[in-house]
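> sequence and predicted model, in that order:
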Amino acid sequence: MSAEIIDGKAFAADLRARVADYAATFAQAAGRKAGLAVVLVGEDPASKVYVASKGRATIECGMASFEHKLPADTAQEALIALIDQLNADPLVDGILVQLPLPGHLDEQAVVARIDPDKDVDGLTPISTGRLALGQPGLVPCTPLGSLMLLKDRLGSLSGLDAVVIGRSILVGKPMAQLLLAENCTVTIAHSRTRDLPAVVRRADIVVAAVGRPEMIKGSWLKPGCTVIDVGINRLPPEDGQTKGRLVGDVDFAEAVQVAAAVTPVPGGVGPMTIAVLLRNTVVAAHCNAGVALAAGAL
Ligand code: GUN
């Protein structure tokens, strides 16, 4: 048996095309483009790559991109002042502070300062509370993108057993809330979970977000389950390579023998994160400018 490979890249391209349509309609109605501000503090190489691709994707979708690059030794007060300025800027609909921040900065305080209606990352306490309460609001990009892939494949998720491996604020916790809202029976597993293989074997839906290369084995999976692999891990280079291979948290070669459907790494959840960020920005723009969102799927 060989599982269906869920094509996140194609799904993300589709979503981006739909976002571009909504962005064009918004620009017509509002007389300005929807705008996303991305804040990068310091020189983390991976963060620089992410921020550059977010900026490019924003412009490709017909939205305005505002990049704020600050030195690694930026003071907390200066960063908070920038957030306040972006909160007050009517051309900015979405604000994303790239994480992690340098160690001397209070990440939670910085994120909490973002206007919840511009919180396109869905990470502020208000956004988190809205999600937990089932109120409308902005939802973290990677979990929402993962949910879109699941619903596209499975339709209704109601009554299914879902296991989320990992309890991070960025992925695990919001993912569990989203699955609960879809009426799944949700288990959050983590580093202290006893007999993880037995917990995973119960699941119709497995979401892996632990950051450990190929940790989840084929023998742990229930035959016919759907696997969403959020992990992006680079293995050490093999002979003759300059860079190691990218792998997920799931042993892909084993999982395709057991599961009904699996997301690959790369090309699965990864491309969804930016597509959903753009989606959240255009949705926030409509809300903030008082422009009704046209009916349709976003
Ligand atoms: N760093 C890695 N992923 C993310 C993300 O989704 N949002 C932010 N703000 N920082 C990140």
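On my side now, so go ahead. Residues are numbered from 1 along each chain as shown.

> from here on, contacts and neighbour counts on C-alpha atoms
Will do.

> so how far is residue 91 from residue 265?
Using CA to CA, to the nearest Å, residue 265 is found at 36 Å from residue 91.

> list the contacts of the residue lying closest to residue 18 once chain neighbours are set aside.
Spatial nearest neighbour of residue 18, excluding adjacent residues (CA to CA, 6 or more residues apart in numbering): residue 298 at 7.2 Å. When contacts are counted by CA atoms under 8 Å, 6 or more residues apart in numbering, residue 298 touches 15, 18, 19, 279.

> ok, the first one - contacts?
Going by CA under 8 Å, 6+ apart, residue 15 touches 275, 276, 279, 298.

> just the buried ones from those residues?
Among the contacts of residue 15, those classed as buried by 16 or more other CA atoms under 10 Å are 275, 276, 279, 298.

> need these in CSV (columns: secondary structure, distance to residue 163 and pLDDT).
What follows is the buried ones among the contacts of residue 15, written out as CSV (DSSP: H, G, I helix; E, B strand; the rest coil; distance: CA to CA, whole Å; pLDDT from 0 to 100):
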residue, secondary structure, distance to residue 163, pLDDT
275, helix, 24, 98
276, helix, 22, 98
279, helix, 26, 98
298, coil, 26, 88
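
> need the max-distance pair from these.
275 and 298 (10.6 Å; CA to CA).

> for residue 185, grab phi and psi.
When read as degrees, to the nearest 10, the backbone of residue 185 gives phi -90, psi 110.

> also residue 70?
phi -120, psi 150.

> give the contact list for it.
39, 40, 41, 42.

> ok, the first one - contacts?
By CA under 8 Å, 6+ apart, the contact list for residue 39 reads 67, 68, 69, 70, 95, 96, 97, 98.

> can you check residue 267 too?
7, 8, 9.

> what's the answer for residue 138, then?
116, 117, 119, 120, 121, 122, 127, 280, 284.

> how about residue 20?
Residues near residue 20 by CA under 8 Å, 6+ apart: 61, 62.

> what helix or strand does it sit in?
Residue 20 is part of helix 8-30 when elements are defined by DSSP states H and E.

> any idea how far that helix is from the middle of the chain?
17 Å (CA atoms, centre = their mean, to the nearest Å).

> what's the answer for stretch 34-46, then?
16 Å.

> what's the mean pLDDT across that stretch?
Average pLDDT, stretch 34-46: 97.
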